[in-house]
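attaching a predicted model along with its sequence, questions to come.
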Amino acid sequence: MKPDQPPTPRPLRGGWAPDRGAFESYVRHVNPTLGRFLKLSGRGFRLSRAHGAVLEDDQGRRFDDWIAGFGSLNLGHNPPAVLDALRRQLDAGAPGLYVEALNPYSGRLADALAREAGPSFGTCFFANSGSEAVEAALKTAINATGRETILRAEGAYHGTTLGALSCTGRGPYRDGFKGRLADFPEVPFGDAGALRRALAERPCAAFIVEPVQAEAGMRVAPPGYLAAAREACRERGSLFILDEVQTGMGRTGELFAFRHWGVEPDALVLAKSLGGGVVPLGAAVFAKGLWEKAWPGIEVCEAHNSTFGGNPLSCAGGLAALEALRAPELLAEVRRKGERLFAELRRRLRGRPLVADVSGIGLLGGIRLRESGSAALSWEGLGVPELAGRPAAAALAVERLLRQDVFAQICGHDWSVLRVEPPLVVDDAACDRFVEAVDAAVRWLERA
């Protein structure tokens with residue numbers, strides 16, 4: 001069964017439909033290396049339309065989306081509630097507010113986020129991306145504590161700006177910047193004892209961690225770990241920062257993943273689906289009084305700012321997305337679909353020699369694959385020697401899934417893991433197609 005047909009699009013108002021020349025302009029002027037690689041790997045699709053969990057190219061071929069913009073599209077492509085809110089905001093004639101102005105649009109969204117996060121939260125800083133929101137959390141922690149060191153978890157991914165990259169795990173994202181990044185120490189993810197020892201060795205402004213390390217292979221925080229981390233930070237006067245850019249906004253079956261563990265952070269970082277998958281929006285939500293402590297007085301109260309952070313259009317999209325994603329019936333469906341999906345994946349893949357593990361929480365997870373041992377299925381055998389030594393099985397599974405009209409991807413820091421991350425609006429039929437496609441891809445790898 002093929003993905004559902006997208007609805008007929010509305011007439012473009014002041015816009016244009018992308019033609020082939022526009023796609024070629026990407027290759028020439030945006031990222032030539034990536035553009036050429038996508039073409040050579042058979043992934044140079046000219047995607048032109050989308051709705052819900054379905055993508056369509058300019059030839060009418062339809063795909064199930066199991067990447068969801070790496071967590072940006074929890075409500076799916078072009079969610080009607082968000083688009084309607086944006087149209088109303090555009091028609092309202094709101095001013096383009098600058099930083100030194102009372103901004104009622106960011107005020108409404110900040111109030112809603114603080115209330116949803118919990119009674120201990122009080123202020124929000126708005127930005128345009130997760131990396132920017134992480135930067136705000138790091139700088140606020142350093143100023144509030146008077147300490148210079150941030151503690152990070154091994155395998156983490158927090159963004160690509162210099163501060164966020166200093167908290168990201170070793171790998172290609174940061175390897176080219178050795179000596180240029182802050183010397184922030186690293187501790188093993190999930191090891192509360194190692195964290196306590198590191199906090200005792202030197203004064204730290206904060207410990208930043210993801211409840212689920214998506215890029216490190218969908219590693220879920222073990223039971224008790226986040227609570228122990230929070231307590232260890234309190235004992236040493238360090239702040240506890242949770243990066244929920246990818247795990248927040250309903251992805252795990254709770255609006256914020258920290259609710260699974262009952263542990264509130266001092267700073268909560270959000271982005272991606274906070275903008276409904278339509279507008280760029282990031283936020284750092286802080287405990288009451290923390291922002292004022294870090295940025296006291298008139299001279300510095302706006303020393304950290306963002307020109308377009310909290311702009312009226314993005315905040316309108318954020319409010320609509322938050323209203324949709326906080327709905328108890330949607331969150332209950334995420335939990336139901338996630339339990340059903342991962343149970344079926346485990347059942348179908350149980351005992352398969354190339355499947356090492358299936359992990360998941362809500363609609364976020366991964367399938368860890370072993371290498372087949374076949375020289376033909378190594379990067380050298382595939383004619384890409386520069387990737388020698390990296391796992392190839394999951395990347396090959398991605399290619400086989402594409403042949404079955406399924407868009408998927410591997411984890412950025414662990415190429416042995418096929419990520420499972422559909423829009424939260426995915427239906428049971430699409431989940432069944434995904435299970436069938438994964439099963440077929442693994443069988444092909446075992447035979448090849």
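Sure thing, it's come through.

same for the helix or strand bottoming out on mean pLDDT in the chain, what does it pack against?
Evaluated with mean pLDDT, DSSP states H and E, the helix-and-strand set of the chain has its lowest mean pLDDT in helix 32-40, which scores a mean of 79. On a contact count with 3 or more CB pairs under 8 Å, 6 or more residues apart in numbering; DSSP states H and E, helix 32-40 meets helix 20-29. Where C-beta positions appear, they are placed from N, C-alpha and C, glycine not excepted.

got the angle between the helix it packs on and helix 32-40?
130 degrees (axes from the mean of the first three to the mean of the last three CA atoms, to 10 degrees).

which positions in helix 20-29 come out as buried?
Neighbour-count burial for helix 20-29, counted by 16 or more other CB atoms under 10 Å, picks out 23, 26, 27.

in TSV: these, plus distance to residue 178.
TSV is the format used below for those (distance: CB to CB, whole Å):
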residue	distance to residue 178
23	35
26	30
27	30
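
of those, closest to residue 235?
Set against residue 235, the nearest of the buried residues of helix 20-29 by CB to CB is residue 26 (50.6 Å).

contacting residues for the closest one?
residue 35 (CB atoms under 8 Å, 6 or more residues apart in numbering).

tell me the pLDDT at it?
With respect to pLDDT, residue 26 scores 85.

distance check, it against residue 428.
Distance, residue 26 to residue 428, by CB to CB, to the nearest Å: 35 Å.

how about the strands in the stretch 201-350 of the chain?
Ranges of strands in the stretch 201-350 of the chain, per DSSP state E, counting those that start in this stretch, are 206-209, 212-213, 219-220, 239-243, 267-270, 282-287.

partners of the fifth one in the sheet?
What that stands for is strand 267-270. strand 239-243 (parallel), strand 282-287 (antiparallel) (DSSP bridges).

out of the ones you listed, nearest to residue 375?
Closest approach to residue 375 among the strands paired with strand 267-270 (CB to CB): strand 239-243, 39.4 Å.

distance from that closest one to the middle of the chain?
Offset of strand 239-243 from its chain centre (CA atoms, centre = their mean, to the nearest Å): 16 Å.

list the buried residues of stretch 181-190.
For stretch 181-190, burial by neighbour count (16+ other CB under 10 Å) applies to 184, 186, 187, 189, 190.

then stretch 291-305?
For stretch 291-305, a neighbour-count test (16+ other CB under 10 Å) marks 291, 294, 295, 304, 305 as buried.

how long is it end to end?
End-to-end span of stretch 291-305 (CA to CA, to the nearest Å): 12 Å.

what's the answer for stretch 203-215, then?
With CA to CA, one end of stretch 203-215 sits 28 Å from the other.

who's in contact with residue 342?
Shown in contact with residue 342 (CB under 8 Å, 6+ apart): 358, 360, 365, 420.

so who does residue 250 touch?
Contacts of residue 250 by CB under 8 Å, 6+ apart are 74, 273, 325, 326, 330, 331, 334, 362, 424.

how close does it get to residue 96?
Distance from residue 250 to residue 96, counting by CB to CB: 30 Å.

before we move on, what about residue 134?
26 Å.

who's more crowded, those two?
Taking other CB atoms under 10 Å, residue 134 and residue 96 do not tie; residue 134 has more neighbours (28 against 10).

quick check: next helix or strand after the strand or helix carrying that one?
Assigned by DSSP states H and E, residue 134 falls within helix 130-145. Following helix 130-145 in sequence order, the next helix or strand is strand 150-153 (DSSP H and E).

what helices and strands are in contact with that following strand?
For strand 150-153, the packing partners by 3+ CB pairs under 8 Å, 6+ apart are helix 130-145, strand 186-187, helix 192-201, strand 206-209.

again, only using 7 Å
When contacts are defined as 3 or more CB pairs under 7 Å, 6 or more residues apart in numbering; DSSP states H and E, strand 150-153 sits against strand 186-187, strand 206-209.

need those in TSV with distance to residue 382 and mean pLDDT, can you?
Conversion of these to TSV gives the following (distance: least, CB to CB, whole Å; pLDDT from 0 to 100):
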stretch	distance to residue 382	mean pLDDT
strand 186-187	32	97
strand 206-209	36	98
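
can you add distance to residue 200 and give these back as TSV?
Shown next, in TSV, are the helices and strands packed on strand 150-153 (distance: least, CB to CB, whole Å):
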stretch	distance to residue 200
strand 186-187	12
strand 206-209	13
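
closest one to residue 61 among those strands?
Closest approach to residue 61 among the helices and strands packed on strand 150-153 (CB to CB): strand 206-209, 40.2 Å.

dump the closest one to PDB, keeping only the CA atoms.
Extracted C-alpha coordinates of strand 206-209, given in PDB (Å, rounded to 0.1, in the frame of the first residue of the first chain):
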ATOM      1  CA  ALA A 206      26.200  23.500  34.900                       C
ATOM      2  CA  PHE A 207      25.700  19.900  33.600                       C
ATOM      3  CA  ILE A 208      23.900  19.700  30.200                       C
ATOM      4  CA  VAL A 209      22.300  16.500  29.100                       C
END
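
could you check how far it is from the centre of its chain?
That offset, for strand 206-209, works out to 17 Å (CA atoms, centre = their mean).

in its sheet, what does it sit against?
Paired with strand 206-209 in the same sheet, following DSSP bridges, are strand 150-153 (parallel), strand 239-243 (parallel).

among those strands, which comes closest to residue 61?
The closest of the strands paired with strand 206-209 to residue 61 is strand 239-243. By CB to CB, the value is 35.7 Å.

just want the angle from the closest one to helix 130-145.
Using the same axes, to 10 degrees: strand 239-243 against helix 130-145 is 170 degrees.

give me the mean pLDDT for strand 239-243.
98.

now do it: everything it contacts.
134, 137, 141, 144-145, 158, 205-211, 229-230, 233, 258, 265-269 (CB atoms under 7 Å, 6 or more residues apart in numbering).

how does it look with 8 Å?
Contacting residues not belonging to strand 239-243 are listed as 130, 134, 137-138, 141, 144-145, 156, 158, 205-211, 226, 229-230, 233-234, 257-258, 265-269, 290 [CB under 8 Å, 6+ apart].

would you put the C-alpha positions of it in PDB?
The C-alpha coordinates for strand 239-243 follow below in PDB (Å, rounded to 0.1, in the frame of the first residue of the first chain):
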ATOM      1  CA  LEU A 239      22.800  24.100  37.400                       C
ATOM      2  CA  PHE A 240      21.000  21.200  35.700                       C
ATOM      3  CA  ILE A 241      20.200  21.900  32.000                       C
ATOM      4  CA  LEU A 242      18.100  19.500  30.000                       C
ATOM      5  CA  ASP A 243      18.300  19.700  26.200                       C
END
